[in-house]
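K.L.:
Next comes the sequence, and after it the predicted model I'd like to discuss.
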Amino acid sequence: MWTKILTMIIVINLIDIGISKPASGTSEENRQLPEKKNSSIRLKLDKPGVKYGDHYLCRAERIEERRYLTEIAPVKSWGANHKSSLHACPRPTVEEHGAVWPCGEMSASLFDRDHEHYAVCHPEYDGLVLYEFGDEQGDEVGTPLKLPQGVSFEVGEGTKYPYLVVKVYYGNSMYYFSGGMTVYGDDDLPGITYLYQTEPTRYEAGVMLLINDGVLRPNSDMPENENVLDVVCDPTSMHRHTSVIAFAYRVHAHSRGVLISGFRLRGSVNQEWTLIGSRSPQEEQRYYPISNPLQIRPDDCLIARCQYDNPTNETIMLASRREREMCRFHIMYYMERPVAHANETSEERFWENFCVAFSPIRITDMSDYLGDIPKWVEEVSLKKVN
C-alpha cells in the first residue's frame, strides 16, 4: 500500500512563551494572561531509493483537546521545500495514524496513478487554509502569521475542526535520494509550527472563501482581451447572522493568474464600494494584512475578481491540478466569542464560510443588481497585460 511507502513523525514541544500585554481597555487587562505553548508538525521521509522531489505531501494530526492558535509559521528544512501550509479539517482525506498521502500534483513514479490527486480535507467536508507560505525560489523562510491580540483559531476535540493537516511541497528532488545524499536530522525537518493556548480568547478567527469554479477562456474570446472571472456573493448565497471584522486576505491562482482583488459592497440604494485587498498571485501566496480592517455585516455583498493571461487558444478548466487554473480570494476575520455558546463552533453560530460561482458573467453585466460600477473598481482590479 502507498501509505506504507512513507513515514512521518510529529515533533511536539511544550515550552513557556511570554506574550505582550493586551491593549488598554479590554476585558483581559486585569486578569492573568494564559500560558502559551508551542507545537510543531514535521515531515520525515525515510524510504530508501525513492525520489521525493516535485511533490505535495500531507500528514494529519488529531488534536485531542481544544486549542486556540494565535501564531503560525513555517519550519523550513535547508533546501527541502519552498511551499508549506496548515489546514484545519473536520476530517482529513486519510485518517490512518502515521500515514502520509499525496495531496497535490503527484507523479505515478511514486504513487499508484489511482491515488495521484488526493485532497487535503475529505471531499465531503469543508476545511480552512490557516496558513500558507510559498517561495518559488526557495530562498526565504516565510512570514509568520500573527493574529491580533485576543484572537485565535479554535481547533481540536469538540470543535468543527478536530484535525490539523500539514502540507509540504518538495520542490528539489536531489535532497531525497537515499544513498549519496545528505540525510537531515529531526531538527531540520520541514513543516509548520504554531503557538496555542488552552484557554479561549475573547475573539474567534475564521476564514471566508470566494471561489469561481468555471472555465478560463482564451484572451481573444474576451472583450478588449480583459480576461477576468468575477464572484458575487450576496447575503442569500453566503448566509450569516452576525457582523465580523476582516483583517487579512489571501489570493490564489496558478501560473496564468495576473491579479486577484476583493471588495465589500454595502447598501442597496446609496451603494458603497470598499477595497478589501488586491495582489498578484505570482507573489508569495500568504495572508496579507488589510490596510484598514473593516466590518462585514450580514447584509453586505462580497465580490472578487480574478484576472488572467491566457494567450493560447485553449479553454482551461478551473481545478486544483497544476495544469488547470484556480480563482480564490480568502478573507480572514474575527468575531466576538459568545460566552453563552462556548460549546459551539463559529460556523454553527455564524454563517457559511464559502461562496462558489460558475458563471462567466462580469460585474459590469450585473448593473440591475450591483448598480453603476465605480471607475476606480475597474482600474484597481485590472492590470495591463503585454
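P.N.:
Nice, thanks for sending it over.
K.L.:
Please, where are all the strands along the stretch 51-200 of the chain?
P.N.:
55-62, 67-75, 81-89, 101-102, 128-134, 145-146, 151-155, 163-170, 191-197 (DSSP state E, counting those that start in this stretch).
K.L.:
The fourth one pairs with which strands, parallel or anti?
P.N.:
It refers to strand 101-102. Strand pairing for strand 101-102, using DSSP bridges, gives strand 55-62 (antiparallel).
K.L.:
Not counting its neighbours along the chain, what's nearest E124?
P.N.:
Excluding the flanking residues, the one nearest E124 by C-beta to C-beta, 6 or more residues apart in numbering is R91, at 7.6 Å. All C-beta atoms are positioned from the backbone trio N, CA, C, and that covers glycine.
K.L.:
That neighbour: neighbour count?
P.N.:
Residues near R91, counting by other C-beta atoms under 10 Å, number 17.
K.L.:
Also the one 4 residues further on?
P.N.:
Counted with other C-beta under 10 Å, residues neighbouring E95 total 12.
K.L.:
contacting residues around it?
P.N.:
A60, R62 (C-beta atoms under 8 Å, 6 or more residues apart in numbering).
K.L.:
same check, this time on S291
P.N.:
Per C-beta under 8 Å, 6+ apart, neighbours of S291: none.
K.L.:
Okay, now the sheet partners of whichever strand or helix holds it, with direction.
P.N.:
S291 is part of strand 288-296, with elements assigned from DSSP states H and E. Sheet pairing of strand 288-296 (DSSP bridges) gives strand 244-252 (antiparallel).
K.L.:
Past the partner strand, which element shows up next along the chain?
P.N.:
Of the helices and strands lying after strand 244-252 in sequence (DSSP H and E), the nearest is strand 257-266.
K.L.:
Now the strand holding S291: buried residues?
P.N.:
Buried residues in strand 288-296, counted by 16 or more other C-beta atoms under 10 Å: Y288, I290, L294, I296.
K.L.:
Stretch 246-256 now?
P.N.:
A246, F247, A248, Y249, R250, V251, H252, A253, H254, R256.
K.L.:
Contacts only, for the fifth one.
P.N.:
If I follow you right, that is R250. V129, E132, Q285, R286, Y287, Y288, R328, F329, H330, M332.
K.L.:
what separates it from N38, distance-wise?
P.N.:
According to C-beta to C-beta, to the nearest Å, R250 and N38 sit 24 Å apart.
K.L.:
Repeat that for the second one.
P.N.:
Look at F247 and N38: by C-beta to C-beta, they are 23 Å apart.
K.L.:
Surely E336 touches R202?
P.N.:
Yes: using C-beta atoms under 8 Å, E336 is in contact with R202, at 6.7 Å.
K.L.:
Can you give me the domain boundaries for this structure?
P.N.:
Listed domain ranges for the chain are 2-197, 203-380 (source: automatic domain parsing).
K.L.:
between those, which has the poorest average model confidence?
P.N.:
Among those, domain 2-197 carries the lowest mean pLDDT, at a mean of 65.
K.L.:
mind listing the helices for the stretch 201-350 of the chain?
P.N.:
Listed in chain order, the helices of the stretch 201-350 of the chain (DSSP state H, counting those that start in this stretch) span residues 346-349.
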